[in-house]
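Peer 1: give the three-dimensional model of this entry:
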Amino acid sequence: MKAIGEGIEIKRLNRIRTIKYILDAKKVSRQDIAAALGFSMPTVLQNVADLIDCGLVCEAGEYGSTGGRKAKALSICEGARCAIGVEVTAHHLHMALLDLSQRVLDIVSHRFPFRNTHEYYVKLGELVQEFAQKDRPGMKNNDTLTGVGFSIPGILDQNQGMLLQSYALGVSNINLGRFSYNVPYNTCFDNDANNAAYAEITDKQRNTIYLSLNDTVGGATYINGRIYQGDHYKSAEFGHMIIVPNGKKCYCGKRGCLDSYCSARTLKRNGEETLEQFFDDLKKGVPENKRIWDTYLEYLALAVANLRMAYDCDIILGGNIGGNMEGHMHMFQEKLSKYNNFDYDASYIHLGRHKRECSAIGAARLMQDRYIEKIETFSAS
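Peer 2: Take a look at the predicted model:
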């Protein structure tokens, strides 16, 4: 009996590896799967047939002929197994709907200030349900929803199901179940920066540091195919590295933290100018904006050089700042070269693709990953 059970588990794991490969490759042939995963062709044919039968994988055209029969191209079915990502911030609620192919189908944001109250959590659940049940032509969301992933700013203990500390929300030792109160779907949770990394990291075979540059500075360490959490779930708190001893006071209580010099807040003059206005004025050549930006890039270059020295891997600059740096990389690379003489170029630096709702998108992708990992047998239900 043990041998039978082991055989079933091996088949399940092989199907998981197959669907993950198709998901990452976007478009692939059966022959590619066999070569990449080391499966026999009969194993590939059976796995693909099962995935097609349950509506997760489809044939999407043909490859060019190489003398024999044209190979069928496989991809994840669009609209299959949707997931919702919910990003909780101090002042807003962002939600994103993704299908299993990782297409973003819908995004919505609400002005929704966080309050650690029963009323807040009830309303949060209502907003999530409204978003899930929203009428979208050609989609039956309730029938295809795999669950809801939550993105929370702070230090999370996944094993205990606790939000240990969140300076952004001003709370500590909160049961994560409060956020999923009144949410009648499968749920999962992760830190906001970790979720943003899930959204931005496209090559899962490469070690990557993700630096989140928003109103707060955070990050994630992606090593050997997974997020490194640290012994006490405090890994990648890059925003609280000291870069200026006895410098500006940070909201965490320390002085000289990277957050005090490289958060988006430092670009908003008098706390009133929006980030969009700042970059518009910068493009127009406003002297004060140019001065602020020059100083900002100096500190950012120092931090990035230190991260490169520590980890020696790719670095993604994400968040609202990373999404606005495309026209400023030459200037940034010049500053970076002053602090890093080990690399000949800055090809290890990449810019994030998502300016907004990045953590919500990542939370939905995390939910999809949990769905794939935990599923016992693929079925149409």
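Peer 1: what residues are up against residue 107?
Peer 2: By C-beta atoms under 8 Å, 6 or more residues apart in numbering, the residues touching residue 107 are 94, 95, 96, 97, 357, 360. C-betas here are computed from N, CA, C, even on glycine.
Peer 1: just name the shakiest helix or strand of the chain by mean pLDDT.
Peer 2: Least confident helix or strand, the chain: helix 141-144 with a mean of 56, by mean pLDDT, DSSP states H and E.
Peer 1: list the helices and strands whatever helix or strand comes next after it packs on?
Peer 2: Next in sequence after helix 141-144, counting helices and strands by DSSP states H and E, comes strand 147-152. If you count contacts as 3 or more C-beta pairs under 8 Å, 6 or more residues apart in numbering; DSSP states H and E, strand 147-152 packs onto strand 83-88, strand 187-191, helix 192-200, helix 358-374.
Peer 1: go with 10 Å
Peer 2: strand 83-88, strand 92-98, helix 118-132, strand 187-191, helix 192-200, helix 358-374 (3 or more C-beta pairs under 10 Å, 6 or more residues apart in numbering; DSSP states H and E).
Peer 1: all helices of the stretch 201-350 of the chain, in order?
Peer 2: Using DSSP state H, counting those that start in this stretch, the helices assigned to the stretch 201-350 of the chain run over residues 259-262, 275-284, 287-311, 319-322, 329-339.
Peer 1: the fourth one: how far from the chain's middle?
Peer 2: The reference is to helix 319-322. Computed by C-alpha atoms, centre = their mean, to the nearest Å, the separation of helix 319-322 from the middle of its chain amounts to 13 Å.
Peer 1: low-confidence ranges, the stretch 51-200 of the chain, go.
Peer 2: Within the stretch 51-200 of the chain, the stretches with pLDDT under 70 are 63-69, 137-143.
Peer 1: ok, 50 please
Peer 2: 140-142 (pLDDT under 50).
Peer 1: show the contacting residues for the closest residue in space to residue 361 that isn't next to it in sequence.
Peer 2: Sequence neighbours aside, residue 199 is the residue nearest to residue 361 in space, at 4.3 Å (criterion: C-beta to C-beta, 6 or more residues apart in numbering). Counting by C-beta atoms under 10 Å, 6 or more residues apart in numbering, residue 199 makes contact with 85, 96, 98, 102, 104, 151, 210, 318, 352-354, 357-366.
Peer 1: buried among those residues? Make that a ChimeraX selection.
Peer 2: In ChimeraX syntax, the buried subset of these is picked out as below (16 or more other C-beta atoms under 10 Å):
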select :85,96,98,102,104,151,210,318,352,354,357,358,359,360,361,362,363,364,365,366
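Peer 1: residues near residue 17, how many?
Peer 2: 16 (other C-beta atoms under 10 Å).
Peer 1: swap that for residue 109, please
Peer 2: Neighbourhood size, residue 109 [other C-beta under 10 Å]: 15.
Peer 1: isn't it up against residue 356?
Peer 2: Yes - judged on C-beta atoms under 10 Å, residue 109 makes contact with residue 356 at a distance of 8.0 Å.
Peer 1: joint contacts of these two?
Peer 2: Taking C-beta under 10 Å, 6+ apart as the criterion, residue 109 and residue 356 both touch 87, 94, 96.
Peer 1: ok, now how distant is the second one from residue 215?
Peer 2: From residue 94 over to residue 215 the distance is 13 Å, taken as C-beta to C-beta, to the nearest Å.
Peer 1: between those two, tell me which one has more neighbours.
Peer 2: Applying other C-beta under 10 Å to residue 94 and residue 215 shows that residue 94 carries more neighbours, namely 22 against 19.
Peer 1: contacting residues around the more buried one?
Peer 2: Residue 94 touches 85-88, 107-110, 112, 151, 356-361, 363, counting by C-beta under 10 Å, 6+ apart.
Peer 1: give me that answer again for 6 Å
Peer 2: Residues near residue 94 by C-beta atoms under 6 Å, 6 or more residues apart in numbering: 87, 109, 357, 360.
Peer 1: do the same with residue 365
Peer 2: Residue 365 neighbours (C-beta under 6 Å, 6+ apart): residue 198.
Peer 1: ok, 8 Å please
Peer 2: 83, 85, 98, 102, 149, 195, 198, 199.
Peer 1: can I assume the first one is in contact with residue 362?
Peer 2: So the one you mean is residue 83. No - Residue 83 is beyond contact range of residue 362, at 11.0 Å (criterion: C-beta atoms under 8 Å).
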